[in-house]
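[1] Below is the sequence, then the predicted model.
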Amino acid sequence: MSRTIPRQFAFAAVLLIATSCSQQQSKPAVNKLAKNAQFSGFLKDYSQLKPVAGMDDMALGYAATDAQKNLHKYIAVVVEPVEVYLASDADDAKLSDTARAAATEYFRAALVKAVSAAYPVVDAPGPLVMRLRPALVGVDFGGEVPAAERDSNKGLTHTVMIGKVRVEMELVDSETGDRIAAFVDQQNLGEGAEIGSVNFGREERWAAAREAFDGWAYRVRNFLNASTALSEADLDRAVKSYQPYGSAPVAAKR
């Protein structure tokens with residue numbers, strides 16, 4: 001004889017399954033840089049990238065010129081969690097959740113600080129809101145962290161090497177996913193930089209790592225400044241259309 005499962009138990013079972021699937025999907029995959037690859041593949045399209053005016057030749061960027069989909073039209077940005085791409089010969093097993101968080105959380109905070117002066121940073125998508133998708137490319141690992149310096153819950157087992165890391169990012173419309181801008185910074189700012197503690201942001205011996213993350217974030221802001229600067233033609237139109245408060249409008253010719 002078949003039995004009917006009470007509705008509240010059925011709902012609880014569905015909720016448990018959905019929660020389990022959500023937790024499994026939310027854990028980011030381990031990405032790895034292909035050997036001798038120029039780019040990671042994090043961006044779907046690299047063909048639009050060109051040298052960024054006013055920056056060195058290690059910076060490549062793209063900014064849409066579409067009248068309705070460009071950096072000038074947006075008023076806020078969501079900064080997404082930072083993706084990690086390991087160096088091609090890095091040992092995947094050393095990328096623990098702790099190691100990932102130590103690098104990505106500091107860099108995301110640096111990005112938020114850098115871009116917030118240009119665009120308010122918000123938590124949810126919406127009209128005229130962009131999503132900033134960042135990635136650290138080329139993360140590697142160094143020697144073992146001495147056991148005496150580890151914490152059973154927080155300590156890193158191996159140092160995280162960021163000396164050869166590059167940055168890739170893009171800005172997309174938060175509702176449609178349409179690309180607005182993209183930036184690849186191939187300059188290595190972290191020569192000799194490594195992370196050996198989850199609290200590296202407050203410890204002086206890891207200062208080179210902090211400076212590297214802050215430097216990359218600053219260069220992202222420089223890219224935004226360069227990409228939102230008005231062209232000479234736009235400036236000329238703005239000057240000609242400027243009318244000081246209180247001045248009489250020019251009469252139209254008949």
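    Perfect, I can see it now.

[2] in which helix or strand would I find residue 210?
    With elements taken from DSSP states H and E, the one containing residue 210 is helix 207-228.

[3] Quick one: mean pLDDT over that helix.
    Averaging pLDDT along helix 207-228 yields 94.

[4] do the same with stretch 172-192
    94.

[5] in it, what's buried?
    Going by neighbour count (16 or more other Cβ atoms under 10 Å), the buried part of stretch 172-192 is 172-174, 179-185, 188-190. The way it works is simple: take the backbone N, C-alpha and C, and place the C-beta from them, glycine included.

[6] and what of stretch 86-102?
    Buried residues in stretch 86-102, counting neighbours by 16+ other Cβ under 10 Å, are found at 86-87, 90, 94-95, 99-100, 102.

[7] With respect to residue 141, which of those is nearest?
    Residue 141 has its nearest neighbour among the buried residues of stretch 86-102 in residue 94, at 4.4 Å by Cβ to Cβ.

[8] How about the closest residue to that closest one other than its chain neighbours: which residues does it bridge to?
    Of all residues not flanking residue 94 in the chain, residue 141 sits nearest, at 4.4 Å (Cβ to Cβ, 6 or more residues apart in numbering). Counting by DSSP bridges, residue 141 forms beta bridges with residue 160.

[9] show me the contacts for residue 141.
    By Cβ atoms under 8 Å, 6 or more residues apart in numbering, residue 141 lies in contact with 90-91, 94-95, 99, 158-161.

[10] any chance of those residues in JSON lines, with distance to residue 80 and pLDDT too?
    Shown next, in JSON lines, are those (distance: Cβ to Cβ, whole Å; pLDDT from 0 to 100):
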{"residue": "90", "distance to residue 80": "23", "pLDDT": "95"}
{"residue": "91", "distance to residue 80": "26", "pLDDT": "93"}
{"residue": "94", "distance to residue 80": "24", "pLDDT": "90"}
{"residue": "95", "distance to residue 80": "19", "pLDDT": "89"}
{"residue": "99", "distance to residue 80": "19", "pLDDT": "89"}
{"residue": "158", "distance to residue 80": "26", "pLDDT": "90"}
{"residue": "159", "distance to residue 80": "26", "pLDDT": "92"}
{"residue": "160", "distance to residue 80": "20", "pLDDT": "95"}
{"residue": "161", "distance to residue 80": "24", "pLDDT": "95"}
